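Undergrad: take a look and give me a structure for this.
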Amino acid sequence: MYVHSTEGDNTTRYPALDLMTDNPFHLWEDQSKDSCMLTLASGILSDEQFYIISLFLVYVSQIINNCAIIANSLSIAVFVKLGFSEPSNISLTALAVCDFTMAVLYTWYNFCFWLTYHNVRLPFHSANVSYLTGGAQWAFLSTTVAWITAFISFERCLCILFPLKVRRLITPRGTFVAMLIIILLTFFPSFFLYVRYKFVWVFIPYMNTTILNIIPVNNELAIQFEKISFGICGVFQPVLAFSIVLICTVLLVVQLRKISSWRMSVTSAKSHRVQTEENPGASSSVAEDRISQKEERLVRMVVAIATIFIVSYIPTCIGILCSVIFDEFNMFGVYRRLFIVFGYIISLGQPISGSINILIYYKMASKFRLVFRRLVRLDRQKQERHELE
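TA: Here you go, the predicted structure:
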């Protein structure tokens, strides 16, 4: 079956592309010359199994995304009130903004799937268009989140290993520039997808209507460009960022254990000095210890954030591995159904991580906790209950 697309005076015939029929996620015709592969791909998940699993994951994913939107909105508001005099506030704000944007993008993707499932006729092909305007951007933003987390972890490692030198280099302005560079190198390459795929208006004869759809550009330059961009942005960048986070987290945990052992060894000596009134250096010693404890709390918070990220990002690494091994494991390949289902499973990890981060900030950052309580007026409610009693 073929359909016609109209661009000016030219009419082009394309294979049928899931054009919102009774089975809007049916495989493209002539996608693969291997009939055995097509049979295997369509037999792995039946229509009913695919819809039931996908719809369940859509509802679960959207519940978690709603939590992520609320949690990251509050985090951004708190960091704005705290100000950006501290470099860590800038990087954590950038992390919250990316998590918030990812949740919004996937909400759009889920909404389009829900409309498709309920056979709502739209002026565009919901599955394909929402993927190229939401799902793909979500995937690139997940790499941005990975690199921001890698930057935060690497910065803490340097602060522990070279505290005097790093504090001169890592400034608020430098951190802001670093965040911009990370976003430019990881997210903005997502727009290169439009070199390989383009939007076209497709006329559907049996529906007697024209809808917006996605058509692959099948020239050699576009195909090679897609392979190169996928290798760099889809494989190399996320895997490297994940490796940096993993290594830095291990180093931070080792350093935390050393700091804890050192503090236990000098606790008794410091307590004697603080209790000795004749010791003029007691107050400065206590002050130094307070500074070290503050740094330790920040390191512990970074370790907690990085650990949650590592756990939530493992399914993404598995998905990248599958995309590398199986050429047809993508949105427009014969393993499209498995790709969509696995994509929903992957999408659960990031909003969970983004939702939990605010709990880590609240638990481990006293300034964040204070501003957060004022923002949601918890302290005022507590005071009012105390006055009533």
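Undergrad: quick check: mean pLDDT across the strand or helix carrying residue 109?
TA: Assigned by DSSP states H and E, residue 109 belongs to helix 87-117. Helix 87-117 carries an average pLDDT of 90.
Undergrad: ok, now stretch 253-268?
TA: On average, stretch 253-268 scores 71.
Undergrad: likewise stretch 323-335?
TA: Stretch 323-335 comes out at a mean pLDDT of 74.
Undergrad: what count of nearby residues applies to the closest residue in space to residue 55 that isn't next to it in sequence?
TA: Leaving aside its sequence neighbours, residue 55 sits nearest to residue 117 (CB to CB, 6 or more residues apart in numbering; 5.7 Å). C-beta: built from backbone N, CA, C; applies to glycine. By other CB atoms under 10 Å, 15 other residues sit near residue 117.
Undergrad: now swap in residue 115 and tell me
TA: The burial count for residue 115: 17, using other CB under 10 Å.
Undergrad: likewise for the one 5 residues further on?
TA: For residue 120, the tally of surrounding residues (other CB under 10 Å) stands at 11.
Undergrad: let's verify it: helix, strand, or coil?
TA: coil (DSSP: H, G, I helix; E, B strand; the rest coil).
Undergrad: for it, give me the pLDDT.
TA: 79.
Undergrad: strands of this protein, start to end?
TA: 2-7, 10-15, 197-204, 209-216 (DSSP state E).
Undergrad: hmm, which helix or strand of this structure has the shakiest average pLDDT?
TA: Scoring the helices and strands of the chain by mean pLDDT, DSSP states H and E places strand 10-15 at the bottom, with a mean of 41.
Undergrad: dump the residue contacts of residue 172.
TA: Contacts for residue 172 (CB atoms under 8 Å, 6 or more residues apart in numbering) come out as 84, 85, 86, 87, 90.
Undergrad: now stretch 206-220: buried residues?
TA: The neighbour-count check on stretch 206-220 (16 or more other CB atoms under 10 Å) flags 211, 213, 214, 215 as buried.
Undergrad: wait, the residue nearest to residue 55 touches residue 53, no?
TA: No - Residue 117 is beyond contact range of residue 53, at 11.8 Å (criterion: CB atoms under 8 Å).
Undergrad: where does the prediction get shaky in the protein?
TA: 1-45, 164, 166, 262-294, 331-332, 378-389 (pLDDT under 70).
Undergrad: just give me the longest helix of it.
TA: Taking DSSP state H as the criterion, the chain has its longest helix at helix 282-325.
Undergrad: packing partners for that helix?
TA: Counting contacts by 3 or more CB pairs under 8 Å, 6 or more residues apart in numbering; DSSP states H and E, helix 282-325 packs against helix 136-161, helix 237-275, helix 336-364.
Undergrad: export those to CSV and tack on distance to residue 59 and mean neighbour count?
TA: Listed next are these as CSV, based on distance: least, CB to CB, whole Å; neighbours: other CB atoms under 10 Å:
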stretch, distance to residue 59, mean neighbour count
helix 136-161, 18, 22
helix 237-275, 27, 15
helix 336-364, 10, 20
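Undergrad: export those as TSV, with columns for distance to residue 173.
TA: Formatted as TSV, these follow (distance: least, CB to CB, whole Å):
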stretch	distance to residue 173
helix 136-161	14
helix 237-275	23
helix 336-364	23
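Undergrad: those: which one's closest to residue 76?
TA: Nearest to residue 76 among these is helix 336-364; the distance by CB to CB comes to 10.1 Å.
Undergrad: now the angle between helix 136-161 and the closest one, please.
TA: Here helix 336-364 runs at an angle of 40 degrees relative to helix 136-161 (axes from the mean of the first three to the mean of the last three CA atoms, to 10 degrees).
Undergrad: quick one on the thing from earlier: closest to residue 236 among the buried residues of stretch 206-220?
TA: residue 214 (25.5 Å).
Undergrad: any idea how far that closest one lies from residue 315?
TA: Here residue 214 is placed at a distance of 25 Å from residue 315 (CB to CB, to the nearest Å).
Undergrad: do residue 141 as well
TA: Taking CB to CB as the measure, residue 141 falls 16 Å from residue 315.
Undergrad: buried set for the helix holding residue 109?
TA: For helix 87-117, burial by neighbour count (16+ other CB under 10 Å) applies to 87-107, 109-110, 112-113, 115-116.
Undergrad: ok, back up a step: looking at the helices and strands packed on helix 282-325, which is closest to residue 305?
TA: Comparing the helices and strands packed on helix 282-325 by CB to CB, helix 336-364 comes nearest, at 6.0 Å.
Undergrad: helices or strands up against the closest one?
TA: Counting by 3+ CB pairs under 8 Å, 6+ apart, helix 336-364 packs on helix 35-44, helix 47-82, helix 87-117, helix 136-161, helix 282-325, helix 366-375.
Undergrad: and of these, who's closest to residue 353?
TA: Per CB to CB, nearest to residue 353 of these: helix 282-325, 4.2 Å.
Undergrad: check the offset of the closest one from the chain's centre.
TA: The chain centroid and the centroid of helix 282-325 are separated by 16 Å, computed with CA atoms, centre = their mean, to the nearest Å.
Undergrad: stretch 99-108 too?
TA: With CA atoms, centre = their mean as the basis, stretch 99-108 stands 9 Å off its chain's centre.
Undergrad: pull the contacting residues for residue 226.
TA: 193, 195, 196.
Undergrad: same question for residue 193.
TA: Going by CB under 8 Å, 6+ apart, the list of residues near residue 193 reads 132, 136, 226, 229.
Undergrad: how close does it sit to residue 222?
TA: Separation of residue 193 from residue 222 (CB to CB): 10 Å.
Undergrad: and for residue 370?
TA: 53 Å.
Undergrad: just residue 304 next, same as before
TA: Distance, residue 304 to residue 222, by CB to CB: 43 Å.
Undergrad: and residue 97, by the same measure?
TA: 32 Å.
Undergrad: now swap in residue 72 and tell me
TA: Residue 72 is 35 Å from residue 222, by CB to CB.
Undergrad: okay, these two: which has more neighbours?
TA: residue 72 (26 against 15).
Undergrad: contacts only, for the more buried one.
TA: Contact analysis of residue 72 by CB under 8 Å, 6+ apart lists 96, 97, 99, 100, 103, 354, 355, 357, 358.
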